[in-house]
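Novice: got a sequence here, can you model it:
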Amino acid sequence: MASLENTELFELLEPGAAALGFELLAVEISGSGGSTVLRAYIDGADGVAVDDCARVSRQLSAILDVEDPLPGRYTLEVSSPGLDRPLSKRRHFELAIGQDVNIRTGPRVVGRHRFTGVLRRVTDDTVVVDVDGEPYDIPLLDIVKARLVPDYESLNKDLTGNR
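Specialist: Numbers count the residues shown, from 1 in each chain. Sure thing, here's the model as predicted:
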């Protein structure tokens, strides 16, 4: 479900986040050269506060300093998953059934790389996404990035009390 580089980084950093009581949801690398950003998304049973991100950042920085897995300079950012939380494990997809998702694949699946629709089900090796009324079976191993699509309209109604 992720590139080999991200998978190796995830496996390297996951125990560090877990030691502090947090689940490492995903690891992303963006940019290049001096502006490379390594972003780690964490979640906790009681959510994630700014102080939690700082604690996990110190923990992960120590691991990265010792292991030195990335060439050159980079900035580490530790963040809560937010409303558009990443989906990186089968369990994350199972928890998102019935919700809108955005999925990007490496190899083309039925002639496409991008799928945005309702996640209908998860099998052992695929997810089924309903895009404009048509179901697509997407192999989990072909997914390079997946996120929930926030429903801002419902959130706004919930926050304002308007129903």
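
Novice: in the chain, which spans are helices?
Specialist: 4-19, 50-67, 90-95, 152-160 (DSSP state H).

Novice: next, the buried residues of the first one.
Specialist: What that stands for is helix 4-19. Neighbour counts over helix 4-19 (16 or more other CB atoms under 10 Å) mark 6, 9-10, 12-14, 16-17 as buried. (Each C-beta comes from the backbone N, C-alpha and C, glycine too.)

Novice: could those residues go into JSON lines alongside distance to Leu76?
Specialist: Shown next, in JSON lines, are those (distance: CB to CB, whole Å):
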{"residue": "Asn6", "distance to Leu76": "14"}
{"residue": "Leu9", "distance to Leu76": "11"}
{"residue": "Phe10", "distance to Leu76": "14"}
{"residue": "Leu12", "distance to Leu76": "13"}
{"residue": "Leu13", "distance to Leu76": "10"}
{"residue": "Glu14", "distance to Leu76": "15"}
{"residue": "Gly16", "distance to Leu76": "12"}
{"residue": "Ala17", "distance to Leu76": "12"}
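
Novice: please name the residues that touch the nearest residue to Glu77 once chain neighbours are set aside.
Specialist: Leaving aside its sequence neighbours, Glu77 sits nearest to Arg39 (CB to CB, 6 or more residues apart in numbering; 4.7 Å). Contacts for Arg39 (CB atoms under 8 Å, 6 or more residues apart in numbering) come out as 27-30, 77-79.

Novice: just send the helices of the chain back as a markdown table, with mean pLDDT and distance to Asn102 too.
Specialist: Output for the helices of the chain, formatted as a markdown table (pLDDT from 0 to 100; distance: least, CB to CB, whole Å):
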| stretch | mean pLDDT | distance to Asn102 |
| --- | --- | --- |
| helix 4-19 | 87 | 18 |
| helix 50-67 | 96 | 24 |
| helix 90-95 | 93 | 13 |
| helix 152-160 | 66 | 14 |
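
Novice: okay, those in CSV with distance to Arg104 next?
Specialist: Formatted as CSV, the helices of the chain follow (distance: least, CB to CB, whole Å):
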stretch, distance to Arg104
helix 4-19, 13
helix 50-67, 25
helix 90-95, 14
helix 152-160, 21
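
Novice: of these, which is nearest Ala146?
Specialist: helix 90-95 (7.3 Å; CB to CB).

Novice: output the contacting helices and strands for the closest one.
Specialist: Applying 3 or more CB pairs under 8 Å, 6 or more residues apart in numbering; DSSP states H and E, we find helix 90-95 packed against strand 112-122.

Novice: which two of the buried residues of helix 4-19 have the greatest separation?
Specialist: Asn6 and Gly16 (15.7 Å).

Novice: no more questions from me, cheers.
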